[in-house]
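J.: Kindly return the folded structure for what I paste below:
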Amino acid sequence: MKKTLSITLSLLLLATVLVSCGGKEEETAATTPAATTTTTTEKTVETKAEPKAEPKVEETVAEAVVDTTMDEGVKFVISNGAEPQSLDPAKVQGVPEHRILMALMEGLTSIDPMTADPVPGLAESWEANEDGTQYTFHLRQTTWSDGVPITAEDVVYSWLRELDPATASPYAWFPCMFLEGAQAYNDGTGTADGVGIRALDDYTFQMDLIGPLPYAIGALEHYSFAVVPKHAIEKYGDQWTQPENFVGNGPFVLKERIPQSKIVCVPNEKYWDADSVKIDTLEFLSSDDENTNYNMFLDGQIDWLTNVPTDKLSSAEMKSSYKASPQLATYYYVFQTEKAPLDNVNLRKAIAYAINREDLVEGVTKAGQIPAWGIVPPMAGYEALEFPFEDYDEAEEMAREFLNEAGYPNGVGCPTLTILYNTSEGHKQIAEFVQQELKDKLNINVELVNKEWGTYLTDRNNGDFEISRAGWVGDYQDPNTFLDMFLTGGAMNGGRYSSDIYDTLVKEAATIADPTERMGVLRTAEDIMINEDQAIIPFYYYITVNMIDTDVWGGWYTNTMDYHPLKTIYKK
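T.: Residues are numbered from 1 along each chain as shown. You can find the predicted model right below:
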């Protein structure tokens, strides 16, 4: 078992390196999560784009953002999963939202569609100081979609808005992992002036990091670092994301939004790289019904299917439009560690050891996923946690021993547990598998609780569950993107896991410049969180599955981040 798993993980790591590397809370069916993320291992002192002709900055403000009478022209339709929480980058935390925001907003960096590596976005170049703790960005002289110039002060405003406690952003914790003074401002012990960001002039922005973070540039594509229009937000308040009020700086602008149905976007004529945009009408369909979406794809009503139903995989993979590739993402369950009975680590270990990951991926998910024991997928320079038993029979024996130590011999006296998951046939099938495993092996009864995406996220974040399904797509190519969310008090730490040793190790790693030493410290932290404390149950590393006819559509490529910039897609 150990040898087989080791070989499999080595193959996944090789695939990851070959495809190249570059998250967020994953929402769609377990077999085919959509991604979001950014990559970088760069420690270069300077990064510059090829010079481009810059659009002339307009002095006047145009009131009309889009021409709503334009013909649809080349239309591209995406099945985007659940209804998005919001279109405000400071109000979201999921993959469906990220896909839309990639079209509407652009941060300092963007991503390469083939490699998912960071490339210049709003910033045309940047350089770091000698120790890699400070970056200076040089912005393009471009405008918002309404013609108002974008300046470095807009970047400062946007990042401070994300961090402002009054904004209550669910992802404010993310910039706190990078920026000097950000955590203190966000938790109310510091001020906005103490955050390490500043505008040196209209088109020069500077940021101070908490340490020599090699992955910092790759993280800036994330929507928590988005640049938003201060003038529109101050004018329209919470209504600034409505189509009639929307102002953005991405390749597309918002034209129409029909709740629970679709979001329609059209090209942003003011975008600095507008000539690269070849789609005239972009539609994001909001639907949790995987079978309906699949049939719509087969009927030609959807061009990019981001999720394939489990029971359709065998037929789908025979089609040329089927695209499967390794993804920097992990599917797992979270324990509520603060409340009885799952505050008992022995019970948590019993449950985790009883679940056969190989049976799960071979008999339920069936898309080539790799069984996981740790939260961090294999990646260059990092050794993934290995299955610690000879086989699952041995693991099951240990599960029963821990159940006895927990005070529930053969499950006697153990209360019925609940598993929370969001609407998806794939998530349901996994939950049913776990339910049966625990009944058959430990005599533990489990009830399944299904909730729609928004309610599920609220309950998960608030810790209102006993066991909850989760999926994490790396936000950048580094183990830290999987480990920092389990810090004590973290916004993504719905299970309320808390360990002084774990916290110390993860924070210490951010100060270490030597990559080998840093990886070793993070690996020790992961080992504590999984093998000692069993805060979560990792199930598998993702193989992302999409369906798109690349004989018809160009500019769409598989990559380990499952990132697909929509401005590069064109009809052949």
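
J.: What are the buried residues along the helix or strand encompassing V506?
T.: V506 belongs to helix 500-509 when assigned by DSSP states H and E. Applying a neighbour-count criterion of 16 or more other CB atoms under 10 Å, one finds 502-503, 505-509 buried in helix 500-509. Where you see a C-beta, it was placed from the backbone N, CA and C, and this is true even at glycine.

J.: Pull the distance from it to the chain's centre.
T.: Relative to the centre of its chain, helix 500-509 is centred 23 Å away, using CA atoms, centre = their mean, to the nearest Å.

J.: ok, and for the helix or strand following it, which residues are buried?
T.: Sequence order places helix 515-527 as the next helix or strand after helix 500-509, per DSSP H and E. Applying a neighbour-count criterion of 16+ other CB under 10 Å, one finds 518-526 buried in helix 515-527.

J.: So for helix 515-527, mean pLDDT?
T.: Averaging pLDDT along helix 515-527 yields 96.

J.: helices or strands next to that helix in the packing?
T.: Counting contacts by 3 or more CB pairs under 8 Å, 6 or more residues apart in numbering; DSSP states H and E, helix 515-527 is packed against helix 480-483, helix 500-509.

J.: so how far is the first one off the chain centroid?
T.: When you say that, I think you mean helix 480-483. Distance of helix 480-483 from its chain centroid, counting by CA atoms, centre = their mean, is 11 Å.

J.: Now do it: which elements does it pack against?
T.: With contacts defined as 3+ CB pairs under 8 Å, 6+ apart, the packing partners of helix 480-483 are helix 500-509, helix 515-527.

J.: do the same with the last one
T.: Judged by 3+ CB pairs under 8 Å, 6+ apart, helix 500-509 is in contact with helix 480-483, helix 515-527.

J.: For the ones you listed, give me CSV that also has distance to E390.
T.: What follows is these, written out as CSV (distance: least, CB to CB, whole Å):
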stretch, distance to E390
helix 480-483, 27
helix 515-527, 19
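
J.: Which among those is found nearest to N559?
T.: Ranking the helices and strands packed on helix 500-509 by proximity to N559 (CB to CB) places helix 480-483 first, at 15.8 Å.

J.: What lies in contact with the closest one?
T.: Contact with helix 480-483 is made by 23, 37, 177, 215, 219, 330, 375-377, 472, 474-475, 506, 509-510, 522, 525-526, 529, as judged by CB atoms under 8 Å, 6 or more residues apart in numbering.

J.: Let me know the average pLDDT across it.
T.: Helix 480-483 comes out at a mean pLDDT of 95.

J.: Check stretch 339-349 too.
T.: In the prediction, stretch 339-349 has an average pLDDT of 98.

J.: Repeat that for stretch 266-281.
T.: The average of the pLDDT scores along stretch 266-281 is 98.

J.: how long is it end to end?
T.: End-to-end distance of stretch 266-281: 5 Å, with CA to CA, to the nearest Å as the criterion.

J.: Begin at 484, not 1, for the rest of this chat.
T.: Shifting the count to begin at 484 puts that one at stretch 749-764.

J.: Would you mark the buried spots in that stretch?
T.: The neighbour-count check on stretch 749-764 (16+ other CB under 10 Å) flags 749-751, 753-756, 760-762, 764 as buried.
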